[in-house]
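> this one's structure only:
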């Protein structure tokens, strides 16, 4: 096995995640895309852990999972709040910063 | 005796057959993951998207196990698929009808997003191929859970504690943000 | 590394840097497994929580049964301890230490090697290991722990039984019993804690239970406020506890060869006694721990939560806020006495922080008890006052007297609280002035037990309070006036404070008895005696309040054989290396007689005022009075001022909320505002004026002619560019994110290409 096959898979997932974050208007979909990005990062960490035979990568992958759980919790809470206030979770309508 | 020694020397992880099997497994997983991820970000139905997310996450767990990180793989299944996806499904359920179908509308954001994503693939992929070319991933024995726990509870005890505080803060934060009054 | 060897060789081994700890791993099965006692109520808590509602009596029977079993075990453990104290000759655990070069260990603890040490039984298991440190959890059973186990389980058992009647039919009946069980479990864990970390955990747990039970009827705002106040005030002290424990941990580590710290109570105390720890560290940690004592045991000036805590159900007040939890602070001092004794240099001194805090508390509490209308608040202030007595006693080195007072106080104060609950149960109010009076006829049992409790509290012989109070007064050592010898110093000031409090205590209890049980009934409704489930616990406690004092008759007391003297002190006071070498005061007849006279004078003057003057006025006017219409407070302005001061609780709550909290936000904000207006604004104005003058000059000469043209051109350019860029500012987060990602990628690409 090559290291690169894992890293390139990770790149693909990362790019798809970024596409999702940028293109989708549904807040929940954006959160899911962020999960894709985080998973890409995790694959990267674990591949390097295997490559360098150092456990640090795996440990940090675990931390990323924990942080992802926290992020989803808070993110979904924000979307709930958004939904309650606007009956709508379309992110493109949030343009208070319009110049 | 000789035979026994040979048996002992034989490392299944480095034998050709296993590598082939690993590569086949990787290919299957990678294809499933990339296709599911693409469907995830393009599908109109949010519930389907969550199910595609399950596929991607399960694939990632498979990749972890392939890489010998069994504990991370199991944690991935338990935390991500067990908890986070359920959380997503709740989120979808509670905000249903908010944006039932995403109308076609403006093509501009998608175009822009594809451009950015493409740019990312080109830059990162190029850099990786350039740097790691054909670095081999030589497998030694998989890391054990005991190793990871030793590592977490000695070297990384402070980040570990910080994570627990972070989770608590997120918990309280989520309640404060989402509660009704 | 701890290694075992026989105590007899301890003196020889000292030179080789090994200290005996005064603890042993042997001992009877009951002593080594004392952890079973807290375990039973803990299991009962879980059981009640999950199955309580489905039980025929909604979980109460489980709670009563659990605490009953714990009580039986505690009694057996006590018996086992008595046997152990007299007959155990096992091996003592030792601790290797680093002896400092100057070696001033000689003038400290080892002089206190008794003929036959009372080795405490220690049994530990590893809790967790982190960074090479092993944190253990376990039991340290000695006389103090056994005594506390007995008191806590007994009072808790009686309160459980009493509660089945008192809170019967309550909407959170099951929940109430669950928390009583949890409280008992935590308190029992606290008293057998082997190390300070375990003590901290139990300490916080009892705090949580107290919070939950004070706020038992949280639907009413004052109750939930009181619960919060109790909890937050305790947090202040808990910080002290945390810091104190941490300081001790590292301080002890400095004397250990193979660890950087230790939470073990026996090790900490032994090292403190032996003089191997720096005095500064001990002083700092003792002061921090004192803050914890002040909040938990309601010492002046963090006592304000305790009267408010009376918002909880009365049995809870009896159990938690009189007999057990509030003495946790006193217990902690007694437990870590080596630290306090050395830290505050109690021996041979005449004043120290602990004695002063105790003395002030006892006076403040007793004086505030005078002006309360609410019977429970009188008792609450009385509790504060008596806790002050205990802290005072510990502060003057009278360890046994303090612990003995804790023991007797638990009985008579629980009796008084439960008695007040019984009265309140009948009239549905706690207000003595508007809803009580003349209740002795309707509630004879409650009346009798309450009077017994009051006499015990006031300290008239031969009831319990007399013996313990008298020991404390003797222990102050500041009594050259009365003859006698001993004591750890000359605490004359503390003796006077104690005497004054004794008089005040007798007086306010007389007032309470008059207002509650004499005169005419001022409330409304049918009066009736409480049921047997309330009266029987009252009588048990009243009986104990009568006889508890006899457990520790002073040495040299001629009326009983010598084998019956000082039994309590013999079994409870550790004679082991982890306990400092305190000296004991010998009792004095003249002091005992004088203090009794003082008590009689206090009670007599209150009797004269209420039972004679007020009663006569009431007869004359034909209505039930609670005070004279032309009493001293209305006649003398000074008395009026004093009364106001007391009514407002020495303005302490005003101090906290109005002056400290308000003072830091109001005036500070004003001061900052003024600084802002006068200093900063002025400066800015001046700078501005100067700028205008010079600007005018520049404008005329340079700007108009030279710069203007250039500026105009660039302005146009900027405007054009801005107009274009404005289109990007769509306000859509995702388009910003796209730009961010794209820019980051491009920059990364550039970096890769260059490097």
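Perfect, I can see it now. Just so it is clear, the structure is predicted and the values come from calculations on it, not from any experiment.

> For chain C, what is the nearest residue in chain B?
For chain B and chain C, the shortest gap (Cβ to the nearest Cβ) falls at residue B:123, measuring 4.2 Å. Heads up, the C-betas are built off the backbone N, CA and C, glycines and all.

> What part of chain B, helix or strand, is modelled with the least confidence?
helix B:2-9 (a mean of 52; mean pLDDT, DSSP states H and E).

> Of all the helix elements in chain A, which one is longest?
Criterion DSSP state H: the longest helix present in chain A is helix A:56-86.

> Give me the buried positions along that one.
Within helix A:56-86, the residues that qualify as buried are A:57-80, A:82-83, counting by 16 or more other Cβ atoms under 10 Å in any protein chain shown.

> helices or strands up against the helix or strand containing the residue of chain B closest to chain C?
Using DSSP states H and E, residue B:123 falls within helix B:108-132. When contacts are defined as 3 or more Cβ pairs under 8 Å, 6 or more residues apart in numbering or on different chains; DSSP states H and E, helix B:108-132 packs onto helix A:3-23, helix C:733-754.

> quick one, helices of chain B?
Counting by DSSP H, the helices of chain B are B:2-9, B:16-42, B:46-66, B:70-75, B:85-94, B:108-132, B:145-154, B:157-178.

> domain assignment for chain B?
Following automatic domain parsing, chain B resolves into domains at B:1-99, B:144-181.

> hang on, the earlier thing: for residue C:713, find the nearest of the helices of chain B.
helix B:108-132 (34.1 Å; Cβ to Cβ).

> do stretch B:42-57 and chain C meet at all?
No: Stretch B:42-57 stays clear of chain C (Cβ under 8 Å from any Cβ of the partner chain), getting no nearer than 15.8 Å.

> And that stretch, what's buried?
Burial within stretch B:42-57, assessed by neighbour count using 16+ other Cβ under 10 Å, is assigned to B:43, B:46, B:49, B:50, B:52, B:53, B:54, B:55, B:56, B:57.

> Grab the nearest non-local neighbour of the residue of chain B closest to chain C.
Closest residue to residue B:123 apart from its sequence neighbours, by Cβ to Cβ, 6 or more residues apart in numbering or on different chains: residue C:749 at 4.2 Å.

> Distance check, the residue nearest the centre of chain B against chain A.
Note on chain B: the residue nearest the mean C-alpha position is residue B:60, at 3.8 Å, using Cα atoms, centre = their mean. Applying Cβ to the nearest Cβ, to the nearest Å, the value for residue B:60 to chain A is 5 Å.

> do the same with residue C:505
56 Å.

> Could you do residue C:203 as well?
Counting by Cβ to the nearest Cβ - residue C:203 and chain A are separated by 30 Å.

> Over to residue B:27?
9 Å.

> That residue: neighbour count?
11 (other Cβ atoms under 10 Å in any protein chain shown).

> ditto for the one 4 residues further on
Here the neighbour count serves as a burial measure; for residue B:31 (other Cβ under 10 Å) it reads 12.

> how about the residue of chain B closest to chain C, what does it touch?
C:745, C:746, C:748, C:749, C:752 (Cβ atoms under 8 Å, 6 or more residues apart in numbering or on different chains).

> circling back to that earlier point, now tell me which of the domains of chain B the model trusts least on average.
Of all those, the minimum mean pLDDT falls on domain B:1-99 (a mean of 82).

> Please, which helix or strand holds residue C:124?
strand C:120-130.

> Show me what that strand is packed against.
Using 3+ Cβ pairs under 8 Å, 6+ apart: strand C:120-130 touches strand C:23-24, helix C:29-32, strand C:133-141.

> For the closest residue to residue C:408 other than its chain neighbours, list the residues it contacts.
Sequence neighbours aside, residue C:464 is the residue nearest to residue C:408 in space, at 3.8 Å (criterion: Cβ to Cβ, 6+ apart). Residue C:464 makes contact with C:408, C:411, C:412, C:456, C:544, C:545, C:546, C:547, C:548, C:549, according to Cβ under 8 Å, 6+ apart.

> Same list, these, but as a markdown table with secondary structure and neighbour count please.
What follows is the contacts of residue C:464, written out as a markdown table (DSSP: H, G, I helix; E, B strand; the rest coil; neighbours: other Cβ atoms under 10 Å in any protein chain shown):
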| residue | secondary structure | neighbour count |
| --- | --- | --- |
| C:408 | helix | 29 |
| C:411 | helix | 28 |
| C:412 | helix | 32 |
| C:456 | helix | 32 |
| C:544 | helix | 24 |
| C:545 | helix | 28 |
| C:546 | helix | 18 |
| C:547 | helix | 13 |
| C:548 | helix | 25 |
| C:549 | helix | 28 |
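
> For the closest residue in space to residue C:356 that isn't next to it in sequence, give me its contacts.
Leaving aside its sequence neighbours, residue C:356 sits nearest to residue C:395 (Cβ to Cβ, 6+ apart; 7.4 Å). Contacts here follow Cβ under 8 Å, 6+ apart; on that basis residue C:395 touches C:344, C:346, C:352, C:353, C:354, C:355, C:356, C:357, C:358, C:359, C:491, C:494.

> Just to check, the fourth one is in contact with residue C:345?
Looking back up the chat, that one is residue C:353. No: between residue C:353 and residue C:345 there is no contact under Cβ atoms under 8 Å: 10.4 Å.

> what's the burial count for residue C:550?
15.

> what does residue C:722 give?
With other Cβ under 10 Å as criterion, residue C:722 counts 11.

> ok, now the one 10 residues further on?
The local packing of residue C:732 (other Cβ under 10 Å) involves 19 other residues.

> ok, now residue B:38?
Residue B:38, neighbours per other Cβ under 10 Å, totals 16.

> With residue B:127 instead?
Other residues close to residue B:127 by other Cβ under 10 Å number 17.

> Same check on the one 5 residues further on?
Counted with other Cβ under 10 Å, the neighbours of residue B:132 add up to 15.

> Residue A:7 is in contact with that one, correct?
Yes: applying Cβ under 8 Å, one finds residue B:132 in contact with residue A:7, separated by 6.7 Å.

> ok, residue C:362 - contacts?
Counted by Cβ under 8 Å, 6+ apart, residue C:362 has contacts C:385, C:386, C:388, C:389, C:392, C:497, C:498, C:501.

> from what I can see the third one touches residue C:365, true?
Translated: residue C:388. Yes: between residue C:388 and residue C:365 there is a contact at 5.8 Å, judged by Cβ under 8 Å.

> hey, what's in contact with both of these two?
residue C:300.
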